[in-house]
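# I would like to see how this sequence folds:
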Amino acid sequence: MAATQYDSPIPTGVRLTHFDPEFRKNPYPIFAELRQRDPIHRDTELGRWVFTRHDDVWEILRNPEYWSDPRKGNPDSFARRFLGSGDEEPSMLLMDNPGHRRLRELARHPFTPRAVEVWRERARTVAKRHVSAIEEDEFDVISAVANPIPTVVIAELLGVDPERHGDFKRWSDAVIKTAFSPVSSKEDTESADEARERLFSFFLEEIEKRRRAPADDLITKMVQAEESGDHLTNEEISLQCNLLLLAGNLTTSDLIGNAVMALVSNPDQQERLRADQSLMKNAVEEVLRFDSPVLGSGRIAHQDIEIGGVKISEGDSMSTIVSAANRDPAAYPNPDRFDVTREDVHHQSFGGGRHFCLGAHLARLEAAETLHALLDRFPVLTPGSGGHEYASNAGFRGLSHLSIRGVR
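Okay, here's the model as predicted:
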C-alpha cells in the first residue's frame, strides 16, 4: 500500500459503518488500512475498541471470561449505547452464563448437523421451486431467490401457515432495519417495535397450538425440548423463533447473494464449480471467508486487560471485525482472491466460543441447495444490465439488489 494513502486520518466512527457510502460499497480496503495502521483501534466516536487481525479476533471470541451482556458495558460504550435495551434481559445472542448455557442446551438439539440434515430435501424443494419460477433471462437474484428462499425455509421448518410467509418477511425486514444500528429514524423505530410485538404474539399463539397438538416442526421440538428436567417457557421459545427468523433470514439471504456476486465476478471460479459441484461445500465456506454476511461480533472486557500491548478497561466494548480477520494476509495466502478450491477455508463468520452461531449448519445447507438449483437451471450466470446495490443494514453485509443474466 503506497505511503500516500496514509495522508488521511485513520478510519474511525461512522467511516466504519454502513452509513458511510464507501464502506457500504466495499469495506475491505478500509479494513486492510486499519489492520495495517492501527490493528487495535480506539473508536472514540462509537465507544469501542476495533480489532481487525485474525489472531486477535480468534482469541477474543473464544475467551470464555469476556462478557456479552450489554448491561455490563460502560455507560458510554458501544454495547450499552447501541445493543442494550435498558435493564431488559438480552436475547440468547447477547446473554452470559448461566442463562446462556441453559437456553443453549435446551435450544441446540434441532440445530445439530445431523438434525439439520433431515431438512435438506425440504430446503432443496423450496430452492428449486423458486429458481424454476424465474422466467426472464435477466432478473434480480435478491428479490427472486436470496430473500424469499430463507424466509420460506425457516417458516416451513417452524410449521408456519404458508399464507403468513409474507407477514414474516415484512415484519422481519422492519425489525432488522433498526437492529444493531447506531442511528434509526423515529418512523423506523416505531415500525420495528410494532413488528416485534406482532411476531412475539404470533409465536405465542403457535406455541400454544403445538402444546395442544404436536407436529413435525421446529416449534414442537422446542416445546418438547428437555434438559435435566428443565423446559423452555413459551416466552423463551417465542424469542428463539424471533431470533431464528430475523437473524437467520437476513444472514442466509446475504450469504446467498454474496455467493452469486462472487461467482459472477469470478467466472473462472464459477466454471470450476459447475464442472465439479462436489466443490460446493468448500465453495460455501470460501464465500463465508471472502465476503461474510456478518461484518463483526463483539465482547465486553470482564476486567482491566491488555491485548497486544494495549490496555483495555473493564466494561469496554471490543468489536471483533470478522470480515477483516477473514482477509488477514497473515492467515490466508492471497486473501482477496476468491477461490472455490482453497485448501484452508477456515473463517470466523459464525463467531466463536459459546456464541458460535446456532444456525450455522442450516445456513450452509440453504446456501448450497440454492446455488445447486441456480447452477443447474442456468448454464451461465453473468452480471445483468441493472447493476447492484448493497443494503444499509448495520453490522451486516449483503445486497439489496443484484441484476443477473442467466443463459439457458
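
# which residues does Ala259 contact?
283-284, 287, 367, 371 (Cβ atoms under 8 Å, 6 or more residues apart in numbering). For the C-beta atoms, the positions are set from N, CA and C on the backbone; glycine is no exception.

# what helix or strand does it sit in?
helix 249-265 (DSSP states H and E).

# Which of the contacts of Ala259 are buried? Put it as a ChimeraX command.
Provided next is the ChimeraX selection string for whichever of the contacts of Ala259 are buried by 16 or more other Cβ atoms under 10 Å:
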select :283,284,287,367,371
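
# Which one of the contacts of Ala259 is nearest to Asp7?
Taking Cβ to Cβ as the measure, Val287 is the one of those closest to Asp7, at 34.3 Å.

# three-state assignment of the closest one?
helix (DSSP: H, G, I helix; E, B strand; the rest coil).

# Who are the contact partners of the residue nearest the centre of the chain?
Geometric centre of the chain, nearest residue: Thr251, 3.5 Å, by Cα atoms, centre = their mean. Residues counted as contacts of Thr251 (Cβ under 8 Å, 6+ apart) are 293-294, 363, 396, 398.

# Using TSV, lay out the contacts of Ala259 together with pLDDT and secondary structure.
As requested, these are exported to TSV (pLDDT from 0 to 100; DSSP: H, G, I helix; E, B strand; the rest coil):
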residue	pLDDT	secondary structure
Ala283	98	helix
Val284	98	helix
Val287	98	helix
Ala367	97	helix
Leu371	98	helix
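
# of the contacts of Ala259, closest to Ala215?
So of the contacts of Ala259, ranked by how close each gets to Ala215 (Cβ to Cβ), first place is Ala367, at 26.5 Å.

# ok, now how distant is that closest one from Ile256?
5 Å (Cβ to Cβ, to the nearest Å).

# same check, this time on Asp339
Distance from Asp339 to Ile256, by Cβ to Cβ: 19 Å.

# So between the two, which is more surrounded?
Ile256 (31 against 19; other Cβ atoms under 10 Å).

# so what's the nearest residue to that one once chain neighbours are set aside up against?
Excluding the flanking residues, the one nearest Ile256 by Cβ to Cβ, 6 or more residues apart in numbering is Ala146, at 4.1 Å. Ala146 makes contacts with 253-254, 256-257, 260, 370, 398-399, 402, as judged by Cβ under 8 Å, 6+ apart.

# And the lowest mean pLDDT element among the helices and strands of this protein?
Lowest on mean pLDDT, DSSP states H and E among the helices and strands of the chain sits helix 165-178, with a mean of 75.

# what's that helix in contact with?
In contact with helix 165-178 (Cβ under 8 Å, 6+ apart) are residues 147-148, 151-152, 154-155, 160, 184, 188-189, 191-192, 194-196, 198-199, 202, 242, 245-246, 249-250, 393, 396.

# Roughly how far does Ser323 sit from Ser143?
24 Å.

# Compare the two and say which one has the larger neighbour count.
Applying other Cβ under 10 Å to Ser323 and Ser143 shows that Ser323 carries more neighbours, namely 23 against 12.

# does that one really touch Phe290, like I thought?
No. Ser323 lies out of contact with Phe290 (Cβ atoms under 8 Å); the separation is 9.4 Å.

# By residue count, what's the longest strand in this structure?
Scanning the chain for the longest strand, with DSSP state E as the assignment, gives strand 380-390.

# partner strands of it, parallel or antiparallel?
Paired neighbours of strand 380-390 in the sheet (DSSP bridges): strand 399-407 (antiparallel).

# where exactly do the strands run in the stretch 301-408 of the chain?
305-307, 310-312, 317-320, 380-390, 399-407 (DSSP state E, counting those that start in this stretch).

# Which of those sits closest to His231?
That would be strand 317-320 among those, by Cβ to Cβ, at 33.5 Å.

# Excluding chain neighbours, what is closest to Arg289?
His347 (3.8 Å).

# Tell me who's in contact with that neighbour.
His347 neighbours (Cβ under 8 Å, 6+ apart): 285, 288-289, 292, 322, 326.

# where's it relative to Arg364, distance?
12 Å.

# Quickly list what's touching both of these two.
With Cβ under 8 Å, 6+ apart, His347 and Arg364 have common neighbours Glu285.

# burial count for Thr122?
Not quite, residue 122 is Arg, not Thr. Neighbour number of Arg122 under other Cβ under 10 Å is 14.

# Nearest residue to it in space, please, no chain neighbours.
The nearest residue in space to Arg122 (Cβ to Cβ, 6+ apart) is Glu156, at 6.1 Å.

# who's in contact with the one you found?
By Cβ under 8 Å, 6+ apart, Glu156 lies in contact with 122, 126, 162.

# And Val287, by the same measure?
Counted by Cβ under 8 Å, 6+ apart, Val287 has contacts 255, 258-259, 262, 338, 367.

# make it 7 Å
By Cβ atoms under 7 Å, 6 or more residues apart in numbering, Val287 lies in contact with 255, 258-259, 262.
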